[in-house]
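Novice: this is a predicted model, with the sequence first.
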Amino acid sequence: MKQIDMNSDAFQAELEKTWRFVEKVNKQFDFVGNPNEEVNEGVAMGLARNRMLYGRRYCPCFMVQGETAEERKSADNRICPCKPALEKEIPEEGKCHCGIFCTPEYAAAQKQHEAIEEAVHQHSRGLTQEEAEALVHQEQLDGDELEALMEARELGMVSFELIDTREHMEWMMGHIVGTDLLMPTTQFYTKVEELGGKKEQNLILYCHTGSRSFQVQHAMLSLGFRHVGNLTYGIISYNGEIQRG
C-alpha cells in the first residue's frame, strides 16, 4: 500500500476536488455539512485519500475490501454518497454514518445541543428558554444539566416535576432541593397512580446512582407517560443544593 503525503501538492489538489464534490452532493440532495467542522475535515481527507489509493471515493469509515479493482467492485464497498446513507441513515437519523452529510434539521439540533453543552458544563452562561425546553425533553441528563434545568425552572423558563425514586430512609439522608415527589421503587405501582393525570407533563427521575430511576423511567414510558427524563448517574453526580431530613 503506497503512503499518502497529506502535505503534498497532489493530495491538496485531490482534497480541493473532494470539497467541490461534497458541495455538489449537498446541493443535489438539499443536505448541509455537519456543524462540527472537525467531522467534515476528517471525512473529506479520508475521501481524498481513498480516491488517490483506489481511484474511488470509498467511504473512509469502513474498511475497503478487495486487493484488486475487480475485487473491490464486487465487494459491496460503500462509495460516497453511499446507498445506505441516502436510503436509510439520512432519512431516519438525519445524517450519514460518517456525519459529513446532514439534513438541515439535524444540523440545527446539533448546533443547539452543542450550545447547551457549553452552557451547562462550562458554566459560561444560563440557558435560554428555547435551550431549557429542549433539554427538559432529553431522556438522560447528567448532574450539570439537571442543575441548569433547576435554575431555569426557578426563573419560570421551563416546567417539570422532579421525582426521587429512592426509599424514605435514603430521602432523609439527603435529597435534591426542589424535589416534588418521593416515589420509592418498592411502592411504585401505588405511587405512580398519583401521577396518572400527568402523562403529558415533563417528569425527571433520580435515585442514588441512576440504576433504579432508569428502570422506573422505562416502566413509566410503558405506562404511557410521554416525557420522562432520568438523572443518569444519580444524586451522587449532582453538585446542586442537597437537603437532609
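Specialist: Yes, it's here.

Novice: switch to C-alpha atoms for all contacts and neighbour counts from now on
Specialist: Will do.

Novice: contacts for stretch 23-35?
Specialist: N40, P81, G99, I100, F101, C102, T103, P104, A107, Q110, K111 (CA atoms under 8 Å, 6 or more residues apart in numbering).

Novice: nope, stretch 69-82 is what I meant
Specialist: Stretch 69-82 is contacted from outside by V25, Y54, R56, R57, Y58, C59, F62, V64, Q65, G66, using CA under 8 Å, 6+ apart.

Novice: check the contacts of stretch 23-35 and tell me the two furthest apart.
Specialist: Farthest-apart pair in the contacts of stretch 23-35 is P81 and K111; separation 23.2 Å (CA to CA).

Novice: buried residues in stretch 213-221?
Specialist: Using 16 or more other CA atoms under 10 Å as the test for burial, stretch 213-221 gives S213, F214, V216, Q217, M220.

Novice: from these, which is closest to E170?
Specialist: Of all the buried residues of stretch 213-221, S213 has the smallest distance to E170: 13.8 Å, by CA to CA.

Novice: mind checking which helix or strand the closest one is in?
Specialist: helix 211-222 (DSSP states H and E).

Novice: what's the helix or strand just after that helix packed up against?
Specialist: As assigned by DSSP H and E, the chain's next helix or strand after helix 211-222 is strand 227-231. Applying 3 or more CA pairs under 8 Å, 6 or more residues apart in numbering; DSSP states H and E, we find strand 227-231 packed against strand 140-141, strand 202-206, helix 211-222.

Novice: could you redo the last one with a cut-off of 10 Å?
Specialist: Packing partners of strand 227-231 (3 or more CA pairs under 10 Å, 6 or more residues apart in numbering; DSSP states H and E): strand 140-141, helix 143-154, strand 161-164, strand 202-206, helix 211-222.
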